[in-house]
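> Whatever this is, show me its structure:
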Amino acid sequence: MSLIHLQEVTKTYNTAGVPVAALKNLSLSIERQTFVSFIGPSGSGKSTLLNLIGTLDKPTGGKVLVDGVDVATLNRSDAAAFRGNTIGFVFQNFNLIPVLNVYENVEYPLLMLKHVPVKERRERILNLLDKVGMLDQKDKYPNQISGGQKQRVAVARALVTNPKIVLADEPTANLDHATAFKVISIMHEMQKTFGTTFVFSTHDPKIVGEAELIYTLEDGFIINNGRKEQNRSTR
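Numbers count the residues shown, from 1 in each chain. Got it, this is the predicted structure:
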């Protein structure tokens, strides 16, 4: 079974009493351990799609299956537990907690799970900070590190719970081009190391080329079926 499967999914919002369709009869499947990009103009439905996969929102119609679970049927507490164990998030604005240092920001999702022993928690955090090149910055606070460093910390935080999926909404939007490629390269390395499925949205055509599988959205529809990049550049 595909890790992510959407079947005839629609999502309609009421804006000032007027129904606005963000997604229209959208169907797709994403296999395990792939690196997938959603592209399209603003308002095409990319963020809505990620929110549905991430159990942050529910479809108006159709089914959203994540790791075999129909996530639209989950209540709020069950959805939160499912997210904590299955999905990691990376945001374009980093969303680091300013009063916590780098180490504590990565640790935070593990504290929410409550069942991870202290020793294992520390080993996971230090291992991931080392892999994203931020181990020597672990005692610094978000206002003391660069945007690229913040996003590396965000990637480590997304991976610390050993999720099957990491969802990244415009993860390189606030980074310069060279730094953006470094962050994507780290994601690729983490994908190979941990077998994680990465699903991200982006406007940047050069970053899009780093994906293995690409879906183009327009006005709530997928206008292609995804394609494998045979000549993805390496950096």
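> Return the set of buried residues in the helix or strand hosting residue 27.
If you go by DSSP states H and E, residue 27 is part of strand 18-30. By neighbour count on 16 or more other CB atoms under 10 Å, the buried set for strand 18-30 is 22-24, 26, 28, 30. Glycine gets a C-beta too; all of them are placed from N, C-alpha and C.
> outside of it, which residues touch it?
The contact list for strand 18-30 (CB atoms under 8 Å, 6 or more residues apart in numbering) reads 2-14, 36, 45, 48-49, 52, 59, 62, 197, 199, 213, 215, 219-222, 226.
> any idea how far it is from the chain center?
With CA atoms, centre = their mean, to the nearest Å as the basis, strand 18-30 stands 19 Å off its chain's centre.
> Name the next helix or strand downstream of it, please.
Counting by DSSP H and E, the element after strand 18-30 in chain order, helix or strand, is strand 35-39.
> Also compute the angle for the helix or strand that that next one is followed by relative to strand 18-30, please.
As assigned by DSSP H and E, the chain's next helix or strand after strand 35-39 is helix 46-53. Going by axes from the mean of the first three to the mean of the last three CA atoms, to 10 degrees, helix 46-53 is angled at 70 degrees with respect to strand 18-30.
> Name the surrounding residues that touch helix 46-53.
Against helix 46-53 from outside (CB under 8 Å, 6+ apart): 4, 6, 9, 11, 22-23, 26, 38-40, 57-59, 64, 66, 71, 87, 165, 167, 169, 199, 201, 217.
> Out of those residues, which end up buried?
4, 6, 9, 11, 22-23, 26, 38-40, 57, 59, 64, 66, 71, 87, 165, 167, 169, 199, 201, 217.
> top helix in the protein by residue count?
For the chain, the longest helix by residue count, based on DSSP state H, is helix 177-194.
> Return the helix or strand in the chain with minimum mean pLDDT.
Between all helices and strands in the chain, the lowest mean by mean pLDDT, DSSP states H and E belongs to helix 205-208, at a mean of 75.
> related to what we said a few turns ago, buried ones in the longest helix of the chain?
179-184, 186-188, 190-191, 194.
> ok, the nearest residue to residue 187 once chain neighbours are set aside - contacts?
Ranked by CB to CB, 6 or more residues apart in numbering and with sequence neighbours excluded, the top spatial neighbour of residue 187 is residue 198, at 5.4 Å. Neighbouring residues of residue 198 by CB under 8 Å, 6+ apart: 34-36, 165-166, 168, 187, 190-191.
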